[in-house]
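Engineer: build me a structure from this.
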Amino acid sequence: MHDTGKGRAPVRLTSAIGLALLAACGGDGGSGPDGGDADFSATIDGADWTAASQSTAVATGQNGTFTIVGGSAGSTPRAITMTLYNIGAAGTYPFGVGPTVAGGIGSVSTGSSSYSTPLNGAAGTVTITTLTASRIAGTFAFTAGTDPVLRNVTGGHFDLPFTASGSIAVPDYAGNLFTGTVNGAPWNAATVVMVSGPSSGTLAVGVSNLTYQISIIISGWTGTGAYDLGTGVSRTMSATAGDLSGDAWGGSGLSTGTFTVTSASATRVSGSYDVTLMPASGGATGNLHFVGTFSFGIQP
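Structural biologist: Numbers count the residues shown, from 1 in each chain. Have a look, this model is predicted:
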């Protein structure tokens, strides 16, 4: 869910770099869908913000990747950038995730400083309401930066035309999901990496956000059905604290519960999980109870 955002401090950017980014995006950001100004606005830290049409652009990439950039005019210019991954249909997606998950990263630039959403899997949301071959529209809100310096973006709205530089279709194997709760609190993976696919006989996946780094191993793969952990077969789940404290839970003999695979194809496996991890090392105390759903893409 490449976790380069861990512990990230605000990144300093020059105005020249920000202008270069806008120029590089290209696209058809100068006019809106009805021939008027491009529609890209929000509230930043309680102040209204509207991107100037000449400083608004949409760039596209493969597998439903969109980079939306807008900058305001005036004596204190500010810019918002949203990089969205694996977006193939209308829906609500999280901010604070990397390219392996459906969702994206949001950032705010003010003067010479830029603040990005951390890879926590839950830095906000973007809701895509319209997506065609030449237009993208929706709403958004996110929190960027690291405590105590945060930038709160609320009430965001965009409705922008674009010219795709290639296919924007999202293949079935692109984009992953591992979400749910841990001890009742919401938890969403920011990165997902498949180590080995079901065709090898063992499904091995790593998922993470800033709170936990998790390893999942399910051997004896037979397709859809329930896979119980802690039954003598090599089926385990383990979690390590993301704060580098060394606290760890689960692993062999210390993980129980079930992964239930409800759908399996050559390009994707999906289902649910209900797993309990017991303290394993470091200063870990108490059990971690993970409950939720997963959907892992398998690249051919």
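Engineer: ok, now which ones touch the spatially closest residue to residue 273 that is not a sequence neighbour?
Structural biologist: Using CB to CB, 6 or more residues apart in numbering and skipping the chain neighbours, the partner closest in space to residue 273 is residue 259 (4.9 Å). C-beta: built from backbone N, CA, C; applies to glycine. Applying CB atoms under 8 Å, 6 or more residues apart in numbering, we find residue 259 in contact with 216, 218, 226, 227, 229, 235, 271, 272, 273, 275, 294.
Engineer: change it to 6 Å
Structural biologist: Listed by CB atoms under 6 Å, 6 or more residues apart in numbering, the contact set of residue 259 reads 218, 227, 273.
Engineer: that one pairs with what?
Structural biologist: residue 227, residue 273 (DSSP bridges).
Engineer: quick one: it from residue 221, how far?
Structural biologist: The spacing between residue 259 and residue 221, counted by CB to CB, to the nearest Å, is 11 Å.
Engineer: helices of the chain, residue ranges please.
Structural biologist: For the chain, the helices defined by DSSP state H occupy 15-25.
Engineer: would you map out the domains in it?
Structural biologist: Following automatic domain parsing, one finds the domains of the chain at 11-161, 177-297.
Engineer: now those domains as CSV including mean pLDDT?
Structural biologist: Conversion of those to CSV gives the following (pLDDT from 0 to 100):
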stretch, mean pLDDT
domain 11-161, 85
domain 177-297, 96
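Engineer: dump those domains into CSV; add distance to residue 171 as well.
Structural biologist: Converted to CSV, the domains of the chain look like this (distance: least, CB to CB, whole Å):
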stretch, distance to residue 171
domain 11-161, 7
domain 177-297, 7
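Engineer: how about the strands in the stretch 151-300 of the chain?
Structural biologist: 177-182, 185-188, 191-196, 202-208, 212-219, 225-229, 235-241, 248-250, 255-264, 268-277, 279-281, 288-297 (DSSP state E, counting those that start in this stretch).
Engineer: in the second one, what's buried?
Structural biologist: Using 16 or more other CB atoms under 10 Å as the burial criterion, the residues of strand 185-188 that qualify are 187, 188.
Engineer: over to the third one?
Structural biologist: Within strand 191-196, the residues that qualify as buried are 191, 192, 193, 194, counting by 16+ other CB under 10 Å.
Engineer: how about the fifth one?
Structural biologist: Residues of strand 212-219 classed as buried by neighbour count (16+ other CB under 10 Å): 212, 213, 214, 215, 216, 217, 218.
Engineer: bridged to the fifth one, which residues?
Structural biologist: Meaning residue 216. With DSSP bridges as the criterion, residue 216 is bridged to residue 205, residue 237.
Engineer: now it: how far from residue 204?
Structural biologist: Distance of residue 216 to residue 204, given as CB to CB: 7 Å.
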